[in-house]
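[1] give the three-dimensional model of this entry:
(one chain, ligands or ions: 2)
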Amino acid sequence: MNVPHSIPVERQAFRDAMAGLAAAVNVITTDGPHGRAGFTATAVCSVTDQPPTLLVCINRGASVYESFTGNGMVCVNTLGNGQQALSNAFGGKTAQEERFATGHWSQGVTGAPILEGAKLSFDCRITSSTSVGTHDILICEVLDIRQQNEADVLVYFARRYHELAGTQASV
Ligand SMILES: NC(=O)C1=CN([C@@H]2O[C@H](COP(=O)(O)OP(=O)(O)OC[C@H]3O[C@@H](n4cnc5c(N)ncnc54)[C@H](O)[C@@H]3O)[C@@H](O)[C@H]2O)C=CC1
Ligand SMILES: Cc1cc2nc3c(=O)[nH]c(=O)nc-3n(C[C@H](O)[C@H](O)[C@H](O)COP(=O)(O)O)c2cc1C
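    Ligands and ions are numbered 1, 2, ... in the order given. Sure, this is the predicted structure:
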């Protein structure tokens, strides 16, 4: 059987294509012996509901990388309307103190910062990780969930933020 030659996909072509996927915007936080830290991530996905598990992709070159892998605990805070400033602050190049000053925080079972007013917060333990290219895929077991069913949703699509009305069935 003839297999057509594949043409290598350039990095920019991949990014341009990925800009066509809509994604929820999340501020991922951690705290513990390796310090409090947080970053913005759209590369977050449900893996399985038994046990309830998310994945989070983190660039190994990010300044926050050692804090996350060292602490082994994360909170995935999904943003709602009006929280673009948080996404920008946690999106890189700013000091951690400056990032956390843009929000109000509490702590749950893992000790990772929970964002007051987030649409959803998943308090998680990192159970394993896999390196792929520049990133690590963190496998995160969900230990607790906080949610505001009526809150609106912030979506990142075509390199900018969009707002969606967010009513959903309760779980
Ligand atoms: N998965 C990631 O690491 C992501 C990183 N970013 C960061 O935010 C910056 C701004 O992003 P955009 O305004 O969307 O413009 P962009 O043109 O840099 O990226 C377009 C899309 O490509 C994907 N992407 C970007 N950088 C990536 C990376 N290093 N690894 C895997 N996928 C990646 C994302 O889906 C992103 O929305 C990026 O340059 C990047 O530094 C943004 C989204 C995802
Ligand atoms: C909208 C948006 C989505 C992002 N998604 C991811 C992601 O899924 N994974 C990731 O490693 N970095 C992502 N980033 C980049 C990180 O937030 C950024 O690299 C991180 O804050 C670390 O930056 P620092 O090295 O300056 O601390 C995203 C940035 C933005 C603005």
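
[2] surely residue 131 is in contact with residue 58?
    No. In this structure residue 131 lies outside contact range of residue 58 using C-beta atoms under 8 Å: 10.5 Å. Glycine gets a C-beta too; all of them are placed from N, C-alpha and C.

[3] out of the two, which sits in the busier spot?
    The neighbour comparison of residue 131 against residue 58 (other C-beta atoms under 10 Å) goes to residue 58, with 21 against 9.

[4] is the helix or strand where the more buried one lies in proximity to ligand 1?
    Using DSSP states H and E, residue 58 maps to strand 52-59. Yes. Contact of strand 52-59 with ligand 1 (C-beta under 6 Å from any ligand atom) involves 57, 59.

[5] tell me the first helix or strand C-terminal of that strand.
    helix 65-71.

[6] for the helix or strand that that next one is followed by, what is the average pLDDT?
    Downstream of helix 65-71, the next assigned helix or strand under DSSP H and E is strand 73-78. For strand 73-78, the mean pLDDT works out to 98.

[7] strand partners of strand 73-78, parallel vs antiparallel please.
    strand 26-30 (antiparallel), strand 120-132 (antiparallel) (DSSP bridges).

[8] which among the ones you listed is found nearest to residue 165?
    strand 120-132 (15.7 Å; C-beta to C-beta).

[9] ok and the closest one relative to strand 52-59, angle-wise?
    Strand 120-132 runs at 60 degrees relative to strand 52-59, counting by axes from the mean of the first three to the mean of the last three C-alpha atoms, to 10 degrees.

[10] shift numbering so it begins at 870
    In the new count, where the first residue is 870, that last one comes out as strand 989-1001.
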